[in-house]
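[1] sequence below, structure please.
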Amino acid sequence: MKALSTHPLDDDILDRILTFLPDFKTLQAAILSSKSAHAVFAAHPHSIVKAVAYNLIGPALLSAIHLIRNKPPVSSFSDPYTFGQAPPEPTDVGVITPEDARKLSRNAVVVDTFHDIYSFRHKDRSTKSNRLTAVESFRFTRALYRIMLFADVFPGSHTPDLDGNIEPEDEEAQHAARREFFTVFPTPDLREIGTVSNFIEDLGTWLKRKAFNPDKPKSHPGQAQAVPPALFLEAYQKLDPQIIDDYFDSVRLWEANELLDAYIHGPLGAVLRDRGEILRPWGEPRCSKYVLDAVEGEDDLCQQCGVNVGIGAWTESNWETQNEVLLLFRPMDLKRVRLKGRLADNPHEKGVWEAHIKDVPLQELLRDLFEFKTPEYLSWSPQDKLCDMCLLSFIASHIHLWLLQRKRQAGEFIPEDCSFGYDCRKQFHNPGDLEHTKEFNHLCAPTKR
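    Numbering: from 1, shown residues only. Predicted structure coming up:
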């Protein structure tokens with residue numbers, strides 16, 4: 001049928017093609033570049049837009065619609081006790097306006113980015129591409145949209161100071177409204193929300209540690225959930241927790257505030273307890289249970305000590321990506337790796353060590369260390385799956401050899417070996433022994449005891 005266009009394809013085929021487009025940007029390009037496509041779209045705009053919205057969001061579309069149609073509370077820091085009330089979750093998408101499409105697209109970027117981060121950190125650390133199944137993705141995205149809605153209804157920046165002059169009835173109203181928000185969801189959905197909120201909380205803890213600054217006040221991990229996800233994502237990607245602190249403005253993050261500290265888990269846990277359920281925010285696996293059906297490598301054992309290490313196993317294929325998650329080896333941590341024997345107490349070598357280790361990527365360091373394997377580690381391979389302790393032991397047993405090579409490569413003078421090597425007691429006994437540490441090389445095995 002070509003009633004609407006002169007395109008060689010029938011109108012119903014063009015209509016079908018438009019409904020398979022992945023996002024609104026592509027749809028706009030199609031209808032602006034083809035009069036035939038524009039004519040077909042003009043005849044069926046609502047059905048085509050609805051189909052594209054589903055392609056963009058997936059089965060969590062109703063939750064995404066729920067978010068964009070909520071009207072945030074009109075409040076201010078001087079009057080923080082007002083809060084919004086989310087409308088009931090829709091049972092039908094309805095008509096999607098151009099403004100709706102813009103909001104859906106903007107939020108989808110945030111959700112998709114969190115989705116990929118979640119997959120990498122909790123599903124499969126061998127790749128940064130999404131590895132969640134369709135069902136797992138639905139659980140995650142639906143829960144995240146609902147968390148975003150909660151943050152929209154109860155903005156963290158407008159949280160009252162419960163230690164201030166708030167009336168008891170106002171405080172109870174705050175708690176009751178938050179509990180009421182979660183009562184409309186079935187218990188399995190609440191568990192999924194709890195799991196995804198754990199994920200966000202852990203990201204907040206990770207961010208604080210990654211960008212550690214002892215001069216900054218330490219906020220409670222639960223407060224990360226009170227930040228709009230788009231803003232939190234910006235802080236995560238820029239490794240700048242100050243973005244989160246700035247959001248709260250006059251809210252005193254360094255003082256306890258139950259509404260912030262238990263932002264999600266407080267009201268969510270109360271609703272579950274009323275239903276005879278228990279939310280275990282600190283249980284394991286806290287970020288995957290109720291969302292993931294399976295985790296890549298969840299049953300992996302350390303190939304040296306046999307401990308169950310699961311997704312946390314270190315192996316050559318994930319040295320770089322694993323460190324992004326576990327932060328076992330930040331520059332400050334590498335400086336504290338226990339050097340062989342008494343080298344850690346050698347002021348001369350300690351300074352040299354810190355200078356050489358400063359800008360070395362972990363994967364480069366580990367690759368080099370496996371070239372220096374001592375006899376007791378001959379059976380170890382870069383492909384072995386190792387736990388944290390075994391990897392640390394391997395590093396500590398070989399790092400002095402790596403440091404000696406780095407000094408040689410830099411053209412540094414290497415003095416005669418001390419016969420007591422890295423076990424030499426003169427490395428730290430008296431200030432006068434500093435000359436001994438400079439006169440002899442201690443990055444060697446002892447030949448005397």
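
[2] phi, psi of Leu386?
    Reported as degrees, to the nearest 10, the phi and psi values for Leu386 are phi -120, psi 150.

[3] show me what contacts it?
    Shown in contact with Leu386 (CB atoms under 8 Å, 6 or more residues apart in numbering): 302-304, 309, 313-315, 394. Yep, even glycine has a C-beta here, placed from its N, CA and C like the rest.

[4] and the residues you listed, which of them are in helices?
    Applying DSSP state H to these, the entries found in helices are Phe394.

[5] could the contacts of Leu386 go into a markdown table alongside neighbour count, pLDDT and distance to Leu14?
    Formatted as a markdown table, those follow (neighbours: other CB atoms under 10 Å; pLDDT from 0 to 100; distance: CB to CB, whole Å):
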| residue | neighbour count | pLDDT | distance to Leu14 |
| --- | --- | --- | --- |
| Cys302 | 20 | 97 | 58 |
| Gln303 | 18 | 96 | 57 |
| Gln304 | 18 | 96 | 61 |
| Val309 | 22 | 91 | 54 |
| Ala313 | 21 | 92 | 51 |
| Trp314 | 27 | 92 | 53 |
| Thr315 | 19 | 92 | 50 |
| Phe394 | 21 | 92 | 62 |
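
[6] return the closest of the contacts of Leu386 with respect to Asp245.
    Taking CB to CB as the measure, Asp245 lies nearest Trp314 of the contacts of Leu386, at 32.8 Å.

[7] from what I see, the closest one and Asp388 are in contact.
    Yes: Trp314 lies in contact with Asp388 (CB atoms under 8 Å); the separation is 7.4 Å.

[8] among the contacts of Leu386, which are in strands?
    Using DSSP state E, no member of the contacts of Leu386 falls in strands.

[9] any chance of the contacts of Leu386 in CSV, with distance to Glu136 too?
    Output for the contacts of Leu386, formatted as CSV (distance: CB to CB, whole Å):
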residue, distance to Glu136
Cys302, 27
Gln303, 28
Gln304, 32
Val309, 22
Ala313, 21
Trp314, 25
Thr315, 24
Phe394, 34
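
[10] any idea how far apart the tips of stretch 180-195 sit?
    19 Å (CA to CA, to the nearest Å).

[11] in it, which residues are buried?
    By 16 or more other CB atoms under 10 Å, the buried positions in stretch 180-195 come out as 181-182, 185, 189-195.

[12] could you dump those to TSV with distance to Leu326 and pLDDT?
    Converted to TSV, these look like this (distance: CB to CB, whole Å; pLDDT from 0 to 100):
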residue	distance to Leu326	pLDDT
Phe181	34	94
Phe182	32	95
Phe185	33	95
Asp189	30	96
Leu190	29	95
Arg191	26	93
Glu192	25	95
Ile193	26	95
Gly194	23	93
Thr195	20	94
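
[13] identify the farthest-apart pair in those residues.
    Going by CB to CB, the pair spanning the buried residues of stretch 180-195 furthest: Phe181 and Thr195, at 17.5 Å.

[14] tell me which residues are up against stretch 16-30.
    Applying CB under 8 Å, 6+ apart, the external contacts of stretch 16-30 come out as 9, 31, 37, 40-41, 47-49, 51-53, 55-56, 101-102, 104-105, 108.

[15] what's the neighbour count on Val360?
    Neighbour count for Val360, taken as other CB atoms under 10 Å: 16.

[16] what helix or strand is it on?
    Counting by DSSP states H and E, no helix or strand carries Val360.

[17] any regions of this structure where pLDDT drops low?
    1-8, 72-85, 159-166, 212-222, 249-256, 279-284, 327-338, 429-433 (pLDDT under 70).

[18] what's the domain layout of it?
    Per automatic domain parsing, the domain ranges recorded for the chain read 1-57, 74-274, 331-439.

[19] any chance of those domains in JSON lines, with distance to Ile68 too?
    Formatted as JSON lines, the domains of the chain follow (distance: least, CB to CB, whole Å):
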{"stretch": "domain 1-57", "distance to Ile68": "11"}
{"stretch": "domain 74-274", "distance to Ile68": "4"}
{"stretch": "domain 331-439", "distance to Ile68": "42"}
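
[20] wait, which of the ones you listed is closest to Tyr290?
    Closest among these, using CB to CB: domain 74-274, at 4.1 Å.

[21] any idea how far Glu299 is from Arg121?
    One correction, residue 299 is Asp, not Glu. The gap separating Asp299 from Arg121 is 18 Å, by CB to CB, to the nearest Å.

[22] what's the answer for Lys128, then?
    Taking CB to CB, one finds Lys128 at 10 Å from Arg121.
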